[in-house]
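# What shape does this take:
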Amino acid sequence: MERRVFLQGAAACGLAMLGGAVLPAVARGAAATAFDARREDEVLSLLFPGLRPRPSASVELSVPYLATPGQAIMVRAAYRREPVQGLAITAPKAGRPLVALAVLQNAAGAFGLRMRLERSSPVVAYVLTQSGLYSAARRVKVTYGGYGMGFGQREKWGG
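Residues are numbered from 1 along each chain as shown. Sure thing, here's the model as predicted:
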């Protein structure tokens, strides 16, 4: 099973359990089309129509600085100032930027997942609360060997 198919099914199940009352755009089926979007601005307009994200130090985003191509990295996002209605994780340089969507109902906004990157990209967490849409971004550098200096690549030594 492909990851996107699984995530779309998980988002649909979450909406069925919550009654679609949390994110109105998601209730209209925008989640499925957001996973197919090719640009991050399309994802934001589908999931959070009319809202502009504000960078906030209150959004805690934990991602590693370095990764190797195809390596699963742990991503954690949290927002503890007020109850969270929704949380989205994107990788703008990926072919399909929306990685995950969590629809919550007045929950303590903490979410974690493992994701794979094939090339260097920022990882962005968007948090929707009653007072607005907040974001935080961290860059993940993808290198062979994971050290950023070429370690782990084959050396052309005689042997």
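# From here on, just use CA atoms for contacts and neighbour counts.
Noted.
# low pLDDT regions in the protein?
Along the chain, the model assigns pLDDT under 70 to residues 1-28, 109, 145-159.
# buried sites along stretch 36-52?
Going by neighbour count (16 or more other Cα atoms under 10 Å), the buried part of stretch 36-52 is 36-40, 42-44, 46-48.
# Please apply the same query to stretch 91-106.
Going by neighbour count (16+ other Cα under 10 Å), the buried part of stretch 91-106 is 91-94, 96-105.
# and if you look at stretch 120-132?
The neighbour-count check on stretch 120-132 (16+ other Cα under 10 Å) flags 120-129 as buried.
# Reformat these as TSV; add secondary structure and distance to Tyr65.
Below are the buried residues of stretch 120-132 laid out as TSV (DSSP: H, G, I helix; E, B strand; the rest coil; distance: Cα to Cα, whole Å):
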residue	secondary structure	distance to Tyr65
Ser120	coil	10
Ser121	strand	11
Pro122	strand	10
Val123	strand	10
Val124	strand	13
Ala125	strand	16
Tyr126	strand	19
Val127	strand	22
Leu128	strand	25
Thr129	strand	28
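# chain center to stretch 82-90, what's the gap?
Taking Cα atoms, centre = their mean, to the nearest Å, one finds the center of stretch 82-90 at 10 Å from the center of the full chain.
# what residues does it touch?
22-23, 40, 97-109, 111, 123-130 (Cα atoms under 8 Å, 6 or more residues apart in numbering).
# Excluding sequence neighbours, find me the nearest residue to Arg64.
To be clear, residue 64 is Pro; Arg isn't right here. The shortest distance from Pro64 to any non-neighbouring residue, by Cα to Cα, 6 or more residues apart in numbering, is to Val140 (6.6 Å).
# Surely that neighbour touches Arg116?
No - with contact defined as Cα atoms under 8 Å, Val140 does not count as touching Arg116 (10.8 Å).
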